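Q: Test case, fold it:
(chains A and B)
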Amino acid sequence: MTRLGQLRSEARFNLLGFRRSPAATFFTVVLPIIFLVIFTSIFGNEIISSTGARVATVYVPGILALALVSANFMNAAIVTVIRRESGVLKAMRATPLPPWVYVGGQVVASLVLTAFMTALVIGIGWLGYSVEVQPGAVPSLLITLGVGAAAFSALGLAVTCVCTSEQAAPAITNMCVLPLYFVSDVFIPSDGAPRWMTFIGDIFPIKHLAVALGRTFDPFSEGVPLPAWHWLILGAWGVFGVLVTLRFFRWTPRN
Amino acid sequence: MSGGAHLAIEVTGLRKRYGEVEAVSGVDLSVATGEVVAFLGPNGAGKTTTVEILEGLRTRSSGDVQVLGVDPAEATAEWRERIGVVLQGAKHEGDFTAAEIVTMWSAYYRSPRPTPEVLHLVGLAEAAGTRTRRLSGGQKQRLAVALALVGDPELVFLDEPTTGFDPAARREAWQTIDGLRSLGVTVLLTTHYMDEADHLADRIAVISRGRIVADGTALELAAQVAMPSQISWDAAELSPGVLPDRLRDLLRGQDASMRSRTAVGTAAVERQTERRAERPALATRDVDEVVRELLAAAEEAGTRLDSLAVQPPTLEDTYLALTGDSSSGDGS
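A: Reported below is the predicted structural model:
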C-alpha cells in the first residue's frame, strides 16, 4: 500500500476505535458540550458591560480549547499508552510500517476530531447563543487550531513517557490539564484572578490556545486578529513535546 | 557453519548482557529454509531475548546473526516484509473485530494476503465479525498468528505460543502452527513444554542459562542424555527377597535414595514406600541385562512375570535433565 493509503487506513481505524470507546467519546465530544450548556446557563448569555460582548463569546472559544486539548492530548496519550502496555506498539515495530506513518495516522485522526468538534461547538454557539466568527478572523482561527493541534499532539506523545501504566495514563493526563483549565480562561476568565494564578496560566500552553481562539471570536476586534505571540508560545511547547518524544518515547511495555 | 542460501537463520556466538547479567552467553543456532525448529528452555533461559534479537527488536552485545541473509540489527522495511512475528502475550484492541484488525495490519505490507484468506488459514473465518475482546484465548492466539501471516512471510517467529493455555486452546494453537508447515513457511518457535516442541518441531534446540545445551529431534535428545528406563513388576509375582544379590542391592539403594529425596512429609514417604513394596521398580540404562536377570530369577522361583513393565524415559525427564532443573540429580 502507498504511504498515503497507509496514513488513511491508520487514521480510519483510529477514528473507528474512538467511536467505539464510550469513555473517549464522552470526554472528547459530550463533556465539552455539556460544559458549554452549563456555563452559559449558569451565567446567562447576557451582554458583559466591560466588553459589550455576550457571555457565550467567552465560553465558545474556551470550550473549543477544551475539546482540542481533549482530542489531541488526552485521547492520543491514553490510546498510545494502552497500545504500548498491551504490546501492540512493539508488535507494530516488527512490521514494515514506518513509525512516522503510525504517528501521522494518529495526528490525522486527532485533526479530524478537532475539525468535527470545531464545527459542533461553533454551530451550537451560533444557533444557540448567537456567537459568530467574523469572516476576517477565519484564517486566524484555522491557524490557531492547526498550531494548537500540532502542539498538543506532540505533548500527548511526550506525556506517554511519564505514564508508567495503562491505569496511570488517564490520571496523569488529567492532572496535567484539569488545574490549568481554571487558570487558562477555559472555565472562567482569569481577569480578576490573583497574580500567581495568571502567571501559571501564562507559562503553560492552554491559556495561549484559549486566548488566541478568543481573539477570533471577539465581535469588536478591529481588522484581522493576529495572536502571533500566543502562536509562538504554543509552537515552542510543541517543539518541547517533539524533543521529549524523540528522546524518551518507548515502543515496548514498561510492565 | 558456512553461510548458505538454504539457511533461513544462522547464529554464531550470540551474546547479550544487561549490565552484570549475561542473558545469552554464546548461542549457536541454524535453521534451514522450510524447517520448523523449537527453541526449548525454562523461563529466564534466554529464549525471548535471543528471538527478539533475531526479530530485530533488540540489540546484541556480540556474535554474528543472519536472518534471511540480513543482519537484523540493520533491519529494513524490505526485510520486515519477509518475516512475521508473534510476540509473547500481545493483546489487540478489544473494540475491533478480528477481520478489522487483520485488515488494519494488512495495510502495513506491500502485497498482503486478503483478509478472508488469512482468517481462513488460521481457522478464524467464523469469528471474523467477533470483537476481539470476546474471542477465547486460543482464538486470540490464532489472531496473533494471522497478523504474522498477513504479509505473506517466508519466516515466522512464535514466542511461547501456548503459555497459560488450557489443553483445548493449546490443541487449537497446535493445529494452527501445524498449518504453517503446509504453507512452506520456516518457523522458529519458543516454548517451555517438551511435548509441544516434540509435537510441532522437526528439530529442538534446548537452551539453558543462555547456552544451547542440546540440538536434535526428541529421540536424539533422549539418547544424548541417556536417561535410565524404569523396570517394574508386582511383588506378588516375584518378591524382591528372592532376587539375586546384585539386583537386590540395586533396588535397596534406589529405595533409600527415593526416601531421602521425598523427605518432605512422612506421609508421602510412607505412601511411596508402600507402593514400592507392592510394585518394586528399578531404574537402569541396561534394560536388556536387568530384564534377563529378572526373568531368570522368576524362572528359578517357578513363577511367571506377567506384570513386568519397561518404561522408557519420558520427554519431561529428558528435558529436566538437559536444562539442569532436576532436583533429584537423575541421569547424571
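Q: so who does residue B:152 touch?
A: Residue B:152 makes contact with B:109, B:111, B:112, B:113, according to C-beta atoms under 8 Å, 6 or more residues apart in numbering or on different chains. Every residue, glycine included, has its C-beta placed from N, CA and C.
Q: Any idea how many residues pack against the closest residue to residue B:240 other than its chain neighbours?
A: Closest residue in space to residue B:240, ignoring its immediate chain neighbours: residue B:280 at 5.1 Å, by C-beta to C-beta, 6 or more residues apart in numbering or on different chains. Using other C-beta atoms under 10 Å in any protein chain shown, residue B:280 has 22 other residues around it.
Q: Now do the contacts for residue B:280.
A: Contacts of residue B:280 by C-beta under 8 Å, 6+ apart are B:232, B:233, B:235, B:240, B:251.
Q: mind running it again at 6 Å?
A: B:235, B:240, B:251 (C-beta atoms under 6 Å, 6 or more residues apart in numbering or on different chains).
Q: Same check on residue B:143?
A: Neighbour list for residue B:143: residue B:98 [criterion: C-beta under 6 Å, 6+ apart].
Q: what does residue B:182 give?
A: Residue B:182 neighbours (C-beta under 6 Å, 6+ apart): none.
Q: Just the pLDDT for it.
A: Per-residue pLDDT puts residue B:182 at 86.
Q: near chain A, which residues of the stretch 1-150 of chain B show up?
A: Residues of the stretch 1-150 of chain B found near chain A (C-beta under 6 Å from any C-beta of the partner chain) are B:55, B:77, B:80-81, B:85, B:87, B:90-91, B:93, B:95, B:104, B:107-108.
Q: Ramachandran coordinates for the residue in the stretch 151-300 of chain B that chain A sits nearest to?
A: When distances are taken as C-beta to the nearest C-beta, the stretch 151-300 of chain B reaches nearest to chain A at residue B:151, 7.1 Å away. Phi and psi for residue B:151, reported as degrees, to the nearest 10, are phi -90, psi 10.
Q: contacting residues for it?
A: By C-beta under 6 Å, 6+ apart, the neighbours of residue B:151 are B:81, B:109, B:112.
Q: what do you get for residue B:215?
A: residue B:205.
Q: repeat that for 10 Å
A: Going by C-beta atoms under 10 Å, 6 or more residues apart in numbering or on different chains, residue B:215 touches B:28, B:29, B:30, B:37, B:203, B:204, B:205, B:206, B:207, B:221, B:224.
Q: same question, residue B:250
A: Contacts of residue B:250 (C-beta under 10 Å, 6+ apart): B:243, B:282, B:283, B:284, B:290, B:293.
Q: In contact with residue 88, which residues are there?
A: Answering for chain A, as no chain was given. Contact analysis of residue A:88 by C-beta under 10 Å, 6+ apart lists A:80, A:82, A:251, A:253, B:87, B:90, B:91, B:92, B:93, B:101, B:147.
Q: looking at chain B here, not the other one
A: The contact partners of residue B:88, by C-beta under 10 Å, 6+ apart, come to A:87, A:90, B:47-48, B:51-52, B:144, B:158-161, B:163, B:190.
Q: at 6 Å instead, please
A: B:159, B:160.
Q: any idea of the pLDDT on it?
A: If you check residue B:88, the pLDDT there is 84.
Q: List buried residues within the contacts of residue B:152.
A: Neighbour-count burial within these applies to B:109, B:112, B:113; the criterion is 16 or more other C-beta atoms under 10 Å in any protein chain shown.
Q: Including secondary structure and distance to residue A:18, could the residues you listed go into CSV?
A: Conversion of the buried ones among the contacts of residue B:152 to CSV gives the following (DSSP: H, G, I helix; E, B strand; the rest coil; distance: C-beta to C-beta, whole Å):
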residue, secondary structure, distance to residue A:18
B:109, coil, 25
B:112, coil, 24
B:113, coil, 28
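Q: could I get the residues you listed as JSON lines with distance to residue B:181 and pLDDT?
A: Listed next are the buried ones among the contacts of residue B:152 as JSON lines, based on distance: C-beta to C-beta, whole Å; pLDDT from 0 to 100:
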{"residue": "B:109", "distance to residue B:181": "22", "pLDDT": "95"}
{"residue": "B:112", "distance to residue B:181": "21", "pLDDT": "95"}
{"residue": "B:113", "distance to residue B:181": "17", "pLDDT": "94"}
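Q: Closest to chain A out of those?
A: Nearest to chain A out of the buried ones among the contacts of residue B:152 is residue B:109 (C-beta to the nearest C-beta; 6.3 Å).
Q: Excluding chain neighbours, what is closest to whichever residue of chain B sits closest to chain A?
A: Chain B approaches chain A most closely through residue B:90 (3.5 Å), counting by C-beta to the nearest C-beta. Residue nearest to residue B:90 in three dimensions, not counting chain neighbours: residue A:87, with 3.5 Å by C-beta to C-beta, 6+ apart.
Q: Run a quick neighbour tally on the one you found.
A: Neighbour count for residue A:87, taken as other C-beta under 10 Å: 19.
Q: The one 4 residues further on now?
A: With neighbours defined by other C-beta under 10 Å, the count for residue A:91 comes to 22.
Q: secondary structure element for it?
A: Using DSSP states H and E, residue A:91 maps to helix A:88-93.
Q: right, and the helix or strand after that helix?
A: On the C-terminal side of helix A:88-93, the closest following helix or strand by DSSP H and E is helix A:99-129.
Q: List the buried residues of that next one.
A: A:101-114, A:117-118, A:120-122, A:124-125, A:129.
Q: distance of residue B:82 from residue B:8?
A: 10 Å (C-beta to C-beta, to the nearest Å).
Q: which of the two has more neighbours?
A: When neighbours are counted by other C-beta under 10 Å, residue B:82 and residue B:8 differ, and residue B:8 comes out ahead with 24 against 17.
Q: doesn't residue B:33 make contact with the more buried one?
A: Yes: judged on C-beta atoms under 6 Å, residue B:8 makes contact with residue B:33 at a distance of 4.8 Å.
Q: where do the contact lists of those two overlap?
A: Residues touching both residue B:8 and residue B:33 by C-beta under 6 Å, 6+ apart: residue B:186.
Q: ok, then the element right after whatever helix or strand residue A:14 lives in?
A: Residue A:14 is part of helix A:3-20 when elements are defined by DSSP H and E. The helix or strand immediately downstream of helix A:3-20 is helix A:22-25, counting by DSSP H and E.
Q: right, is that next one up against chain B?
A: No: with C-beta under 6 Å from any C-beta as the measure, helix A:22-25 is seen stopping short of chain B, the closest distance being 9.7 Å.
Q: Could you pull out the buried residues of that helix?
A: residue A:24.
Q: what's the spacing between it and its chain's center?
A: Computed by C-alpha atoms, centre = their mean, to the nearest Å, the chain-centroid distance of helix A:22-25 equals 16 Å.
Q: Next: stretch A:3-18.
A: 19 Å.
Q: Can you list the buried residues in that stretch?
A: A:6, A:7, A:9, A:10, A:11, A:12, A:13, A:14, A:15, A:16, A:17, A:18.
Q: residues touching the closest residue to residue B:203 other than its chain neighbours, list them.
A: Nearest residue to residue B:203, sequence neighbours excluded (C-beta to C-beta, 6+ apart): residue B:37, at 5.0 Å. Going by C-beta under 6 Å, 6+ apart, residue B:37 touches B:31, B:188, B:201, B:203.
Q: which phi and psi does the nearest residue to the first one once chain neighbours are set aside have?
A: Okay, so that is residue B:31. Spatial nearest neighbour of residue B:31, excluding adjacent residues (C-beta to C-beta, 6+ apart): residue B:9 at 4.0 Å. Note on residue B:9: its backbone torsions stand at phi -130, psi 130 [degrees, to the nearest 10].
Q: same check, this time on the one 4 residues further on
A: Its backbone dihedrals place residue B:13 at phi 60, psi 40, with angles given as degrees, to the nearest 10.
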